[in-house]
Every structure is written in C-alpha cells, then in structure tokens.
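In: Sequence unavailable; structure follows:
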C-alpha cells in the first residue's frame, strides 16, 4: 500500500513539472538543484514594493525575494518590453512578482516595473519581467530552473542562468 502511494506521489510530481511549462511541445528533463547553501539577508521591504536579495545555489548566485523564494525570467518575453507574454495557464503556473518599487540587497541589475497581465505592477530586473514558480514550495527551491527550456533563474545583474 505504501509503495502505491509513493508511486502516485512521484507520478503526480512529474506531471506538475512537465505540464507547468507554457509550451506544450517542450518538456524539461532538468532536475532541481540542491537547496541553496545560504540565503543573503534581505533588506526590509518598502511599503509599496517588494524585496529582492540574492542566494547561493548549485546554479550560482541567484535572485530571490525577501522570503528566499527564487524568481525567474521567461524566454518568450521580450527583454525591455512593456508587457508580459505569460498569460492564461502560463500565468497560473508562473505568477508575476508584484511590486512597483523594490528594496534590494546585492542586486546590480536595474529594477523597474511593467503592468502585468492582471493589471497590477510586475517587477522587472534588467528588463526581464519576474515570476515565481508554483512548484517551488519553500525558500531555496529552484524547481522551475530550465522548465520547458524557457524558464531561467537570474543572476544579480539580471542575466538568465541557462545551465
């Protein structure tokens, strides 16, 4: 009985990863990297914005929010564009990082915002709209890295980490 439950959980987990990319033609074989060794202390959030900081992971130093949750960019977005191209089911699996201003620690890229698909401000880093991955359940999770070969963690300068 326990093995049936374990198999069911494994199959469901795999389905979430495969179905969470926006491009149905592409699936990821990328496995999640180990949890970060350390999360940099976050600066206090500003009243109308979000907090961005850095964390050290197996993928390198990445951008996280003030709670240590990884943020991602989407290759189907246009860097520097005024809007996101992640809509519908994509936006359900990859929620926008909301905010109009940010407090940041260790971030060297330009932080700004655009109007997200829900009409709310969405943070950008170096021109890339920022997203969370619903599969990341705890600080340190980076399960969205490489999903569909279009979702990437970002360096503190706002450059995608594509390995």
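Out: On my side now, so go ahead. None of these values were measured; they are calculated from a predicted model.
In: Would you mind measuring from residue 111 to residue 151?
Out: 20 Å (C-beta to C-beta, to the nearest Å). The way it works is simple: take the backbone N, C-alpha and C, and place the C-beta from them, glycine included.
In: Also residue 123?
Out: 16 Å.
In: Which residue comes closest to residue 106 once chain neighbours are left out?
Out: Nearest in space to residue 106, with sequence neighbours left out and distances taken as C-beta to C-beta, 6 or more residues apart in numbering, is residue 54 at 4.0 Å.
In: what about that neighbour, neighbour count?
Out: 24 (other C-beta atoms under 10 Å).
In: dump the residue contacts of it.
Out: Going by C-beta atoms under 8 Å, 6 or more residues apart in numbering, residue 54 touches 40, 61-64, 105-107, 156.
In: Surely it is in a strand?
Out: Yes - Residue 54: assigned to a strand according to DSSP: H, G, I helix; E, B strand; the rest coil.
In: Check it and give its pLDDT.
Out: Per-residue confidence (pLDDT) for residue 54: 96.
In: hmm, back to that, out of residue 111 and residue 151, which sits in the busier spot?
Out: residue 151 (26 against 21).
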